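*Asks:* Turn this into a structure:
(2 chains)
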There are 2 protein chains.
Amino acid sequence: MRCEIVGVGTELLLGQIVNTNAAWIGQRLADVGWDCLRHTAVGDNQARITEVLRGALGRAEAVIVTGGLGPTQDDVTREAIAALAGVPLVRQPELEAWLRERFARMGIARMAEMNLRQADVPEGARYIDNSRGTAPGLIVEVDGKPVYAVPGVPREMEGMVERVVLPDLAARAGEGRAIVSRVLRTAGVGESRLAERLTPLWDAAGGGQVTLAYLASAGEVRVRLTAVGATREEALAEIAPVEAKIREELGEVVYSIDDETLEAAVGRLLRDRDRTLATAESLTGGLLGGRVTTVAGSSDYYLGGVVAYATEAKAALLGVGEDLLAADGPVSEPVAAAMAEGARRAFGADLGLATTGVAGPAEQGGRRVGTLCLAAADAAGTATSTLRAPGDRAQVRAWAVTVALDLLRRRLEGVA
Amino acid sequence: MRCEIVGVGTELLLGQIVNTNAAWIGQRLADVGWDCLRHTAVGDNQARITEVLRGALGRAEAVIVTGGLGPTQDDVTREAIAALAGVPLVRQPELEAWLRERFARMGIARMAEMNLRQADVPEGARYIDNSRGTAPGLIVEVDGKPVYAVPGVPREMEGMVERVVLPDLAARAGEGRAIVSRVLRTAGVGESRLAERLTPLWDAAGGGQVTLAYLASAGEVRVRLTAVGATREEALAEIAPVEAKIREELGEVVYSIDDETLEAAVGRLLRDRDRTLATAESLTGGLLGGRVTTVAGSSDYYLGGVVAYATEAKAALLGVGEDLLAADGPVSEPVAAAMAEGARRAFGADLGLATTGVAGPAEQGGRRVGTLCLAAADAAGTATSTLRAPGDRAQVRAWAVTVALDLLRRRLEGVA
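*Replies:* Now for the predicted structure:
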């Protein structure tokens, strides 16, 4: 079964925004076994949108359109679909009431009349509730094929596609009704090594019903398990044994599930254990503290850090011994350990976490670009590790932040 | 004149990569006055690529294709264009020699034969030199309309489009031969206020020949001036008076031109003046140091910083007076000044730069989300400023880093 994706918006053509929606939907379609042979972006022009949709429906069994559902005059996706289907637009009293109520709830006493355009739907269309915005989505049957129209705002689009569009497509493909995904978040093992370990398990578990996707970023890999079933429970029941086997195989490599980031997982562990954290950074220059503090409420457990970029600063602010720096060089496990212990002391924190290494472009003191030395210190002692990150200066630094957070996470979980 | 953009690659359809190339090219086409009515992405399938190109050429006067020019069997853009033009692929001895020489220079003694596929071009095609990779680009005339094929790797694509494709399109539009852009990088003035100040100037300068584009990011706006002329010199001569008027109007708001980032400009100023820098951060949590150190070689002038996230850390590590913290609260200009001075002292640096503020989501001590207090200290004294950043937690923090760097830049230039 083939589905095409159409993005509507002159701002896409002008490059004012990048069409991330097409990539996101493309990935999800692949997960549920629909082929996607073409993405198209077209401007806010009714005739041209209709032309693109007609072409897409000629080649595919379904079309997903993003954008052009807002309240203003340049939002014409509704009109273009009505023209394609050869039906008029009709105002839905139910949608009108929903819009009025929604604006009232937002504290807007007098809704601009223009907003009622969002209550106009092609005759015979079904609409998709928007829990994250005011533009409803649409499902219109044209020659027995569905055209799904969803907003261009990624958060709103994603909600509708996950909740309604993918299950509808799955039902049409005759494979079931519910599509469920679980994301296992892992750190510390590369994508190809992970795939080597998981593929046999997946085969053995009769994983044919469950699709496995790997989404890699610097130092982390998310493993997404997706299943289609007659019901949500059935799909979850398909995933459960595969997930259990993967968790058994990977053990502490899995740090969290679904939406919880590594920095959020670390924050949760610190909060649960009532511990505080301080950082000491060299090659990451502050990015580690920056990432810890992306989490709202991180001031509950993060006291602060020292960026000791110059070698002398490692001695002066963190008390790293001059003899250690001279003997081992600033990129070494003993120095990382002394930095972590120094941060703990300087801030009176329960835990200290340190990064040192060679970000590049040039090697440093005989250490190659990408060399990372990390340390996590607490009252019981200090764990250290050395590894090599791939890529350029930016990638090496991003990698260092992730593996440092993962070392801390393992320390907090008692496995480092 | 209309141009369509076609992206080739199954990884685009599967959402493994986002089609940023289409946005980038769309922006550049708009600058040079070509309309773009459609972007399409299609997989690595020769027949489907040919079909998409045929459709695009039916609607537009030119087509730019990105991707599918690599050496492997799934790279079939060359074959698809040859089929479209109805000509065979022929191996270019000149390109073959260039490829062999290129691999030899990379230290690869025996080039895999497969790489010679990159020397095959549709009969009659011109090719575009690739200074950043091994895949040459192509210009093929089909029914008197040009099809430009460029690599999918953004850096390689951008080089070819700037250097060859845009000038060729300009020449075909009969408006000249050379397209030249200058980017004035500004900080401290919002996009709409900037536009209000520049539009009258631009009108007065007879700016019709020069297009003006605003590219905004947190706390910064890049103003891009583009002109088309018979020669590069002529285009530059068009830009010069507009640029001069804009620079006169904006004065020190312009911090740099073209590719130099704010952190690089600050690095240049520090290096030129032989000064060192230390940072003191609160709400930015390390992001300021992180951005300063994105610049390779920043260890020449950046000594380090303190992230004083907890209020006590501001007192303990930066010597901010407890009385000051009690009287003014941690989000205040006096505290920012004391932090900057404390960082200067702690690291023995010539300059200290500090951020404090409310990142959100909740207000803090009666200060609203987005409130920023900044300070830059040197031997002569301390400059401070207070402002409000828009947006959510991530935006407020990104904004704070930019305006802090800009305050330092102004201090170094003697205007703060």
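
*Asks:* what's the burial count for the nearest residue to residue A:275 once chain neighbours are set aside?
*Replies:* Distances taken as C-beta to C-beta, 6 or more residues apart in numbering or on different chains put residue A:350 closest to residue A:275, at 4.0 Å, once the chain neighbours are dropped. In this view, the C-beta of every residue, glycine as well, is placed from N, C-alpha and C. Using other C-beta atoms under 10 Å in any protein chain shown, residue A:350 is surrounded by 18 other residues.

*Asks:* again with residue A:203
*Replies:* By other C-beta under 10 Å, 10 other residues sit near residue A:203.

*Asks:* need the next SSE after the host helix or strand of it, C-terminal direction.
*Replies:* Using DSSP states H and E, residue A:203 sits in helix A:191-204. For helix A:191-204, the succeeding helix or strand toward the C-terminus, using DSSP H and E, is strand A:210-217.

*Asks:* how about stretch A:283-302: buried residues?
*Replies:* A:283-295, A:298-299, A:301-302 (16 or more other C-beta atoms under 10 Å in any protein chain shown).

*Asks:* before we move on, back to that, report the contact partners of the residue nearest to residue A:275.
*Replies:* When contacts are counted by C-beta atoms under 8 Å, 6 or more residues apart in numbering or on different chains, residue A:350 touches A:275, A:276, A:277, A:344, A:378, A:379.

*Asks:* from these, which is closest to residue A:111?
*Replies:* Set against residue A:111, the nearest of the contacts of residue A:350 by C-beta to C-beta is residue A:277 (47.2 Å).

*Asks:* On the strand side of things, show who that closest one bridges to.
*Replies:* residue A:302, residue A:351 (DSSP bridges).

*Asks:* so who does it touch?
*Replies:* A:270, A:292, A:301, A:302, A:303, A:349, A:350, A:351, A:352, A:353, A:408.

*Asks:* Could you dump those into CSV and include pLDDT?
*Replies:* Below are these laid out as CSV (pLDDT from 0 to 100):
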residue, pLDDT
A:270, 98
A:292, 98
A:301, 98
A:302, 98
A:303, 98
A:349, 98
A:350, 98
A:351, 98
A:352, 98
A:353, 98
A:408, 98
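
*Asks:* Now flag whichever of the residues you listed is closest to chain B.
*Replies:* Using C-beta to the nearest C-beta, residue A:303 comes nearest to chain B of the contacts of residue A:277, at 4.3 Å.

*Asks:* In contact with the spatially most central residue of chain A, which residues?
*Replies:* Central residue of chain A (C-alpha atoms, centre = their mean): residue A:259, 7.2 Å from the mean position. Counting by C-beta under 8 Å, 6+ apart, residue A:259 touches residue A:183.

*Asks:* three-state assignment of it?
*Replies:* Judged by DSSP: H, G, I helix; E, B strand; the rest coil, the three-state class of residue A:259 is coil.

*Asks:* from what I can see residue A:325 touches residue A:318, true?
*Replies:* No: between residue A:325 and residue A:318 there is no contact under C-beta atoms under 8 Å: 10.7 Å.

*Asks:* More neighbours: which of those two?
*Replies:* residue A:318 (24 against 18).

*Asks:* pretty sure residue A:158 contacts residue A:24?
*Replies:* Yes: Residue A:158 lies in contact with residue A:24 (C-beta under 8 Å); the separation is 6.6 Å.

*Asks:* quick one, what contacts residue A:329?
*Replies:* Residue A:329 neighbours (C-beta under 8 Å, 6+ apart): A:335, A:365, A:366, A:367.

*Asks:* same question, residue A:92
*Replies:* A:119, A:120, A:121, A:127.

*Asks:* just checking, the first one touches residue A:102?
*Replies:* It refers to residue A:119. No: applying C-beta under 8 Å as the test, residue A:119 and residue A:102 come out as separate, 10.9 Å apart.

*Asks:* These two: who's more crowded?
*Replies:* The neighbour comparison of residue A:119 against residue A:102 (other C-beta under 10 Å) goes to residue A:119, with 21 against 16.

*Asks:* could I have stretch A:63-80 exported to CSV, CA atoms only?
*Replies:* Only the C-alpha atoms of stretch A:63-80 are listed here, as CSV (Å, rounded to 0.1, in the frame of the first residue of the first chain):
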residue,chain,number,x,y,z
VAL,A,63,-2.5,10.9,0.8
ILE,A,64,-1.5,12.9,3.9
VAL,A,65,-1.5,16.7,3.6
THR,A,66,0.1,18.9,6.2
GLY,A,67,-0.6,22.7,6.6
GLY,A,68,-3.0,25.2,5.2
LEU,A,69,-5.7,24.5,7.8
GLY,A,70,-5.4,27.8,9.7
PRO,A,71,-8.0,30.6,10.0
THR,A,72,-6.5,33.1,7.5
GLN,A,73,-7.3,33.7,3.9
ASP,A,74,-4.1,32.1,2.6
ASP,A,75,-5.0,28.8,4.3
VAL,A,76,-6.8,27.0,1.5
THR,A,77,-6.2,23.3,2.0
ARG,A,78,-9.9,22.9,2.9
GLU,A,79,-11.0,24.5,-0.4
ALA,A,80,-8.5,22.5,-2.4
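
*Asks:* if we can go back for a sec, columns distance to residue B:215 on top of the contacts of residue A:277, output as JSON lines?
*Replies:* Below are those laid out as JSON lines (distance: C-beta to C-beta, whole Å):
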{"residue": "A:270", "distance to residue B:215": "39"}
{"residue": "A:292", "distance to residue B:215": "31"}
{"residue": "A:301", "distance to residue B:215": "38"}
{"residue": "A:302", "distance to residue B:215": "34"}
{"residue": "A:303", "distance to residue B:215": "38"}
{"residue": "A:349", "distance to residue B:215": "41"}
{"residue": "A:350", "distance to residue B:215": "45"}
{"residue": "A:351", "distance to residue B:215": "42"}
{"residue": "A:352", "distance to residue B:215": "41"}
{"residue": "A:353", "distance to residue B:215": "37"}
{"residue": "A:408", "distance to residue B:215": "38"}
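
*Asks:* so how far is residue A:336 from residue A:266?
*Replies:* 18 Å (C-beta to C-beta, to the nearest Å).

*Asks:* Surely residue A:376 is in a strand?
*Replies:* Yes: assigned with three-state DSSP, residue A:376 falls within a strand.

*Asks:* burial of it, as a residue count?
*Replies:* 28.

*Asks:* give me every residue that touches it.
*Replies:* Neighbour list for residue A:376: A:340, A:351-354, A:382-383, A:404, A:407-408, A:410-411, A:416 [criterion: C-beta under 8 Å, 6+ apart].

*Asks:* For the nearest residue to it once chain neighbours are set aside, give me its contacts.
*Replies:* Nearest residue to residue A:376 in three dimensions, chain neighbours excluded: residue A:411, at 4.3 Å (C-beta to C-beta, 6+ apart). By C-beta under 8 Å, 6+ apart, the residues touching residue A:411 are A:351, A:376, A:378, A:383.

*Asks:* Let's see that with 10 Å instead.
*Replies:* If a contact means C-beta atoms under 10 Å, 6 or more residues apart in numbering or on different chains, then residue A:411 has A:266, A:269, A:351, A:353, A:375, A:376, A:377, A:378, A:380, A:381, A:382, A:383 as its contacts.
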